[in-house]
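1. Coordinates for the following, if possible.
(chains A and B)
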Amino acid sequence: MDKILPLLQHNARASVADLAKSANLSEADVAARITKLEEDGVILGYQAIVDPQKVARERVTAVIEVKLTPEREGGFDKMAERIARFPEVQGCYLMSGGYDLLVIVEGRTLNEVAGFVSEKLATIKGVVGTGTHFRLKAYKENGVELKREAGPQRLAISP
Amino acid sequence: MNLTNHIATHVRGIPRSGIRDFFEIVQSMQDVISLGIGEPDFHTPWRIREAAIYSLERGHTGYTSNLGLPKLRERIAQYVHKNFHVGYDPATEIIVTVGVSEAIDLALRALLNPGDEVLFHEPCYVSYNPSVVLAHGVPVAVPTHAADNFRMTAEELAKKITPRSKVLMMNFPCNPTGATQTREELEKIARICIEHNLVVLTDEIYSELTYDGATHTSIASLPGMRERTVFLHGFSKAFAMTGFRIGYACAPAPLTEAMMRVHQYAILCANTMAQDAAIEALESGDNDVAMMRKEYEARRNFIVRSLNDLGLPCFTPLGAFYVFPDIRSTGLTSREFSMGLLEKKKVACVPGTAFGASGEGHVRCSYATSLEKIKIAMIRIAEFVAEVRK
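-> Down below sits the predicted model:
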């Protein structure tokens, strides 16, 4: 794995100059590595992690368990890719266990999400069942706890 | 009543810590970025804190055996064997202490008769000299040099040996210099210790924090050394558990027994819930340590390059979380540099002389602080250096 990657995963906004110092590389080298990671599709994008409770825009999020009958050619992949293509779908994962796909859907209102499930998702050929769970409250997003802990209490100078 | 005359002479003779007055100034100022902190800026990993909470829930609130919880000693034995390649019997050769500081005190009190000489490298941790004095020993500093990346050399050590030499104390990776030892040098030092029949106290508290894939070698693992070495380690640095106050000493049974005699009357036992937390650290803390090590390494790279770019040369330390830049090009002493930087730019670092006279010309900068703060500190130091050089 490129050593720039964990640094960017930790802070995608780090400047090339700072990354160069932290990774002990030249700035030109860092810039070239980032370009390559982007071109190769290793880095897919850069996004802000937002506390959903702190933005005025109300969003509704649901996780949906989807049961499928796999297609003769293409198995689960074709159907999963078809579902993932909807812009309402924020995440889509093939799962082991009691159902096949875990789909994370976001919408403006409860009705909008419910409508998407009943009209779009459930009607796709091969979808044999759905179970929808609405999210009530977030405690951790992308590995970041929403209730932020203050740094450890330390003496200003210590041996 | 004038109590001064009642204070024991050897305690009166201990100088005030070189860190203390800085601490008081920093306390009275706002918006100071401190590079003067000798403890991790990470919280103790949650699973370890949770184990301490669980310990209280289960009612583990009594004393433990003087030597420490048997299960903790077993885990320590496994950990030391796996990582340092030295075997110790958890029943008789390991004692759990209140940080490595207590373990050093125990070892010195157990070993020294008045007038016995204790050698240690300098610059070194602030407690070494006073701990020897408090145990009625005679401190003998072995200078280390920037030219050797502050490694203690067998050559300098040999110059300080006398018929009264009894103990060698060392701490690599080193606070304050970040110096580490090579196996070759340790072998030479070991030969001197064997030849002069010295006991070695080796404080390896920073050993997990080594970078660039460097291998840490414990002097206790070298041939003929286990029998004359007190291996000292703890949880404060690698597991970010400073406030838990848990350290340990591993040594041959007669020495452990002697340390236990001091410990049982002075302390009785280390904190019980902290010992439970330490068990959790050894059983499942490896990933957390690796994460913190990675973060320190990136900061180290950043701070070393920044300081060298400023014309404050420092070598790239392979261990601990300190850099020890040479500030002589500014024409200031360590103290003037640290005081000036604090007053004019609100950045705190510790003058090298706080760690012994051979620290003159250097300051200790800790990178156990966030990269964001280090970045601002480097800008402020650059401004300060430019103003001083004008």
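2. From here on, just use CA atoms for contacts and neighbour counts.
-> OK.
3. count of neighbours near B:I161?
-> For B:I161, the number of neighbouring residues by other Cα atoms under 10 Å in any protein chain shown comes to 20.
4. I should have written B:H10 there, sorry.
-> For B:H10, the tally of surrounding residues (other Cα under 10 Å) stands at 12.
5. just checking, it touches B:L134?
-> Yes: at 6.8 Å, B:H10 and B:L134 qualify as touching, with contact defined as Cα atoms under 8 Å.
6. Tell me the bridge partners for the closest residue to B:R228 other than its chain neighbours.
-> Taking Cα to Cα, 6 or more residues apart in numbering or on different chains as the measure, B:R228 lies nearest to B:V199, with 4.9 Å between them; neighbours along the chain are not counted. With DSSP bridges as the criterion, B:V199 is bridged to B:V167.
7. Then B:L119?
-> In this structure, B:L119 bridges to B:V140, B:L168 when assessed by DSSP bridges.
8. Quick check: it vs chain A, distance?
-> The spacing between B:L119 and chain A, counted by Cα to the nearest Cα, to the nearest Å, is 20 Å.
9. mind listing what that residue touches?
-> Taking Cα atoms under 8 Å, 6 or more residues apart in numbering or on different chains as the contact definition, B:L119 lies against B:P139, B:V140, B:A141, B:V142, B:L157, B:K160, B:S165, B:K166, B:V167, B:L168, B:M169.
10. Can you give me the pLDDT of it?
-> On the pLDDT scale, B:L119 is placed at 98.
11. What distance do you get for it to B:A240?
-> If you measure B:L119 against B:A240 using Cα to Cα, to the nearest Å, the figure is 29 Å.
12. Residue nearest the middle of chain B, spatially speaking?
-> B:N175 (5.1 Å; Cα atoms, centre = their mean).
13. Looks like it contacts B:Y322 (just checking).
-> Yes: taking contacts as Cα under 8 Å, B:N175 lies within contact range of B:Y322: 6.9 Å.
14. How about the stretch 151-300 of chain B: which residue is closest to chain A?
-> B:A298 (4.4 Å; Cα to the nearest Cα).
15. how about the residues of chain B that lie near chain A?
-> Applying the criterion Cα under 8 Å from any Cα of the partner chain, the portion of chain B that neighbours chain A consists of B:19, B:22-23, B:26-27, B:34-39, B:41-43, B:125-126, B:297-303, B:305-306, B:348.
16. quick one: which of the residues you listed sit in helices?
-> Taking DSSP state H as the definition of helices, the residues of chain B next to chain A contribute B:22-23, B:26-27, B:297-303, B:305-306.
17. Considering those residues, which possesses the most neighbours?
-> If you count neighbours using other Cα under 10 Å, the busiest of those is B:R300, which has 30 neighbours.
18. Now for that residue: which residues touch it?
-> The contact partners of B:R300, taken as Cα under 8 Å, 6+ apart, are A:S22, B:T316, B:F321, B:V323, B:Y367.
19. Need the pLDDT of it.
-> At B:R300, the predicted lDDT confidence score is 97.
20. ok, B:L268 - how many residues close by?
-> Applying other Cα under 10 Å, we find 18 other residues in the vicinity of B:L268.
21. before we move on, what about the one 4 residues further on?
-> Using other Cα under 10 Å as the criterion, B:T272 is surrounded by 21 other residues.
22. Ok, the one 4 residues further on next?
-> Per other Cα under 10 Å, the neighbour tally for B:D276 reads 22.
23. next one: B:Y322
-> There are 30 residues near B:Y322, going by other Cα under 10 Å.
24. just to revisit the earlier point, wait, what's in contact with the nearest residue in space to the residue of the stretch 151-300 of chain B closest to chain A that is not next to it in sequence?
-> If you skip the residues right next to it in sequence, B:A298 has A:S22 as its closest partner in space, 4.4 Å away by Cα to Cα, 6+ apart. A:S22 is in contact with B:E297, B:A298, B:R299, B:R300, B:N301, B:F302, counting by Cα under 8 Å, 6+ apart.
25. Enumerate every residue touching the residue nearest to the first one when sequence neighbours are not counted.
-> Of all residues not flanking B:E297 in the chain, B:Y211 sits nearest, at 6.2 Å (Cα to Cα, 6+ apart). Counting by Cα under 8 Å, 6+ apart, B:Y211 touches B:R293, B:E297, B:L318, B:G319.
26. List the residues that contact residue 109.
-> Defaulting to chain A. A:T109 makes contact with A:E58, A:R59, A:V60 under the criterion Cα under 8 Å, 6+ apart.
27. let's do chain B instead
-> Taking Cα under 8 Å, 6+ apart as the definition, contacts of B:R109 comprise B:A135, B:M259, B:V262.
28. Just send those back as TSV, with neighbour count too.
-> What follows is those, written out as TSV (neighbours: other Cα atoms under 10 Å in any protein chain shown):
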residue	neighbour count
B:A135	21
B:M259	24
B:V262	16
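29. Point to the residue nearest the middle of chain A.
-> Taking Cα atoms, centre = their mean, the centroid of chain A lies closest to A:G91, which sits 6.3 Å from it.
30. Count the residues that sit near residue 12.
-> Picked chain A for this. Close neighbours of A:A12, defined as other Cα under 10 Å, add up to 14.
31. oops, I was thinking of chain B
-> The number of residues packed near B:R12 is 12, by other Cα under 10 Å.
32. Can you list phi and psi of it for me?
-> B:R12 adopts backbone torsions of phi -60, psi -30, taken as degrees, to the nearest 10.
33. Could you report the distance from it to chain A?
-> Using Cα to the nearest Cα, one gets 21 Å for the distance from B:R12 to chain A.
34. Please tell me how far that residue sits from B:L134.
-> Plainly put, B:R12 is 10 Å away from B:L134 if you go by Cα to Cα.
35. What of B:L342?
-> According to Cα to Cα, B:L342 stands 32 Å off from B:L134.
36. From the neighbour counts alone, determine which of those two ranks first.
-> Set B:L342 next to B:L134 and count neighbours by other Cα under 10 Å: B:L342 wins out with 22 against 16.
37. still on that earlier bit, among the contacts of B:Y211, who's most crowded?
-> When these are compared by neighbour count (other Cα under 10 Å), B:G319 ends up highest, at 29 neighbours.
38. Verify the stated contact: that one with B:Q181.
-> No: counting by Cα under 8 Å, no contact exists between B:G319 and B:Q181, whose distance comes to 9.8 Å.
39. Pull up the overlap in contacts between these two.
-> Shared contacts of B:G319 and B:Q181, counting by Cα under 8 Å, 6+ apart, come down to B:F172, B:P173.
40. burial measure for the closest residue to B:I53 other than its chain neighbours, as a count.
-> Taking Cα to Cα, 6+ apart as the measure, B:I53 lies nearest to B:M273, with 7.9 Å between them; neighbours along the chain are not counted. Taking other Cα under 10 Å as the neighbour definition, B:M273 ends up with a count of 21.
41. Next up, identify which helix or strand B:M273 is on.
-> Mapping B:M273 onto the secondary structure by DSSP states H and E places it in helix B:272-284.
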